[in-house]
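Q: take this sequence and fold it.
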Amino acid sequence: MRHGELLAMNAALTAAIGVAGTLLGSLITYLFQGRTAKRAEEFARNERLHQEQLSACSAYAGSLTELKQGIIRVWLHREDPDRSAWKAAFAVSDQLGANAEAARFRVQLVSGDSQLWALADSAFDALEPLKTASNREKLGEAQESFATTLLEFIAAAGARLRAAR
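A: Numbers count the residues shown, from 1 in each chain. Got it, this is the predicted structure:
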């Protein structure tokens with residue numbers, strides 16, 4: 001082999017190694033970028049879900065509080081002589097009940113947690129004694145019981161949301 005041929009082979013080998021190194025570097029970069037993009041996408045999806053869960057739980061708690069006020073208004077007007085104030089309060093309370101039920105469905109859709117569903121149902125059910133209270137003392141007891149049940153839901157939802165982070 002002549003010196004010129006040896007130099008040409010050496011140059012070709014160097015070029016081939018350079019091309020292979022560049023291709024390998026590009027492949028490794030592509031793989032790492034793909035993994036990084038996938039992790040970033042998963043993080044963003046989890047963050048959106050977390051925000052949706054937080055929004056659903058807080059909206060539900062707020063809707064229950066509004067419904068409680070509506071039920072109390074109905075209770076206070078139960079002895080309205082011409083029933084007009086009672087009918088108006090009942091119509092508002094009925095709408096608030098529908099809103100609360102929709103908010104409960106949203107909690108169920110975004111949480112996927114059967115224990116949280118049970119607490120949401122308990123908080124909703126804790127409103128029932130407000131409707132049937134026989135006097136102000138019983139109404140006050142029902143309000144306290146509802147507040148306790150609602151706080152249990154809020155505490156459980158908060159704990160689950162913090163744990164998910």
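
Q: and Ser134, which helix or strand is it part of?
A: Here Ser134, judged by DSSP states H and E, is contained in no helix and no strand.

Q: phi and psi next, for it.
A: With angles defined as degrees, to the nearest 10, Ser134 sits at phi -90, psi -20.

Q: how about Pro81?
A: According to degrees, to the nearest 10, Pro81 has phi -60, psi -50.

Q: pull out the buried residues from the helix or strand harbouring Ala155.
A: Using DSSP H and E, Ala155 sits within helix 136-164. Neighbour counts using 16 or more other CB atoms under 10 Å place 139, 142-143, 146, 149-150, 153-154, 156-157, 160-161 of helix 136-164 among the buried residues. In short, each C-beta sits where N, CA and C put it, glycine included.

Q: which strands and helices lie in contact with that helix?
A: With contacts defined as 3 or more CB pairs under 8 Å, 6 or more residues apart in numbering; DSSP states H and E, the packing partners of helix 136-164 are helix 3-76, helix 114-125, helix 128-132.

Q: redo these as a markdown table? Include mean pLDDT and distance to Gln95.
A: Output for those, formatted as a markdown table (pLDDT from 0 to 100; distance: least, CB to CB, whole Å):
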| stretch | mean pLDDT | distance to Gln95 |
| --- | --- | --- |
| helix 3-76 | 90 | 8 |
| helix 114-125 | 94 | 16 |
| helix 128-132 | 96 | 16 |
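
Q: among the ones you listed, which comes closest to Leu96?
A: helix 3-76 (4.2 Å; CB to CB).

Q: got the angle between the closest one and helix 114-125?
A: 20 degrees (axes from the mean of the first three to the mean of the last three CA atoms, to 10 degrees).

Q: which ones are touching the one residue sitting closest to the centre of the chain?
A: Central residue check for the chain by CA atoms, centre = their mean: the C-alpha nearest the mean position is that of Gln53, 0.4 Å away. Under the criterion of CB atoms under 8 Å, 6 or more residues apart in numbering, the neighbours of Gln53 are 110-111, 157, 161, 164.

Q: circling back to that earlier point, highest mean neighbour count out of the helices and strands packed on helix 136-164?
A: The highest mean neighbour count among the helices and strands packed on helix 136-164, using mean count of other CB atoms under 10 Å, belongs to helix 114-125: a mean of 17.

Q: for that helix, name the packing helices and strands.
A: By 3+ CB pairs under 8 Å, 6+ apart, helix 114-125 packs against helix 3-76, helix 84-111, helix 136-164.
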